[in-house]
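**Q** Structure for the following, please:
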Amino acid sequence: MSFASAHIGRGGLLRFVRLHVLDGGRVFFDDATVQDQGVLTFSGSVIRHGGALSFRKLAVQYDGQVLLARADVAGVIRLDQARIGYKGSAKLTLVKIQKAGLISFSHTRVENHGTVDVSHAQISGGRVNLSIARISRLSDVILRDVEISGDGVIELPGAAITVHGGLELDGAVVGDGPVILPSGESLVLPTGTP
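**A** Below you'll find the predicted structure:
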């Protein structure tokens, strides 16, 4: 199912409720644009192992919003090379990432008051990848109340945080999994340490 190059703007709303992407299934929003208070929202989604939800090169700007709530991810959600700025936001809340699950923001630019907010997530054996991301110009990437357990990993190698960019790990709990820093070094905290 493809929504590639879709444009959601001027208060437009595209909503998916209980979307199931099964093994081998693909849903594409590549090169889509969400702006001018447009909203793209997913609630109760299930991405099975082998399934993928792709937002490559997505542009979220001018008060546009992408919201993914209550997702169960054993497959892949890709926001690689996305551009989030000009008060645009991408928010993932109450997301469960299971073994082999992946949420990727690789090479994503967050700038000009843009926000990426991953909150109340449970990462058990899966990965959140922010490698080579660019965070700048009063923008924020926030990982709030995230629980990482088992082999779960947050990856930040090569990330650049410049010009009043912010990375916030607020209330995150790291189990056995590491936080891989921009330098490529691993930060492993004692189990249960915020």
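
**Q** Can you list the low-confidence ranges for this protein?
**A** 172-194 (pLDDT under 70).

**Q** Report the separation between the closest residue to Gly25 other than its chain neighbours and His113.
**A** Nearest residue to Gly25, sequence neighbours excluded (CB to CB, 6 or more residues apart in numbering): Gly51, at 4.5 Å. Where you see a C-beta, it was placed from the backbone N, CA and C, and this is true even at glycine. Noted for Gly51: a distance of 33 Å to His113, by CB to CB, to the nearest Å.

**Q** Between these two, tell me which one has more neighbours.
**A** Gly51 (21 against 17; other CB atoms under 10 Å).

**Q** Hmm, Phe105 and Asn129 touching each other?
**A** Yes - between Asn129 and Phe105 a contact is recorded at 6.6 Å, counting by CB atoms under 8 Å.

**Q** neighbour-wise, which of these two wins?
**A** Phe105 (30 against 22).

**Q** thought the more buried one was touching Ala82?
**A** Yes - if you go by CB under 8 Å, Phe105 and Ala82 touch, sitting 6.9 Å apart.

**Q** mind checking how far stretch 77-87 is from the chain centre?
**A** 8 Å (CA atoms, centre = their mean, to the nearest Å).

**Q** Can you give me the end-to-end span of it?
**A** Its first and final residues considered, stretch 77-87 spans 22 Å by CA to CA, to the nearest Å.

**Q** same question, stretch 16-30
**A** 16 Å.

**Q** And stretch 31-43, by the same measure?
**A** Stretch 31-43: ends 22 Å apart by CA to CA.

**Q** Over to stretch 80-87?
**A** With CA to CA, one end of stretch 80-87 sits 19 Å from the other.

**Q** Can you list the neighbours in contact with that stretch?
**A** 35, 55-63, 90, 104-116, 137, 139 (CB atoms under 8 Å, 6 or more residues apart in numbering).

**Q** Which of those fall in strands?
**A** Ala59, Val60, Ala90, Ser104, Arg109, Val110, Glu111, Thr115, Val116 (DSSP state E).

**Q** Contact partners for the fifth one?
**A** Going back to what we said before, that points to Arg109. With CB under 8 Å, 6+ apart, Arg109 has these contacts: Ala82, Arg83, Ile84, Gly85, Ala133, Arg134.
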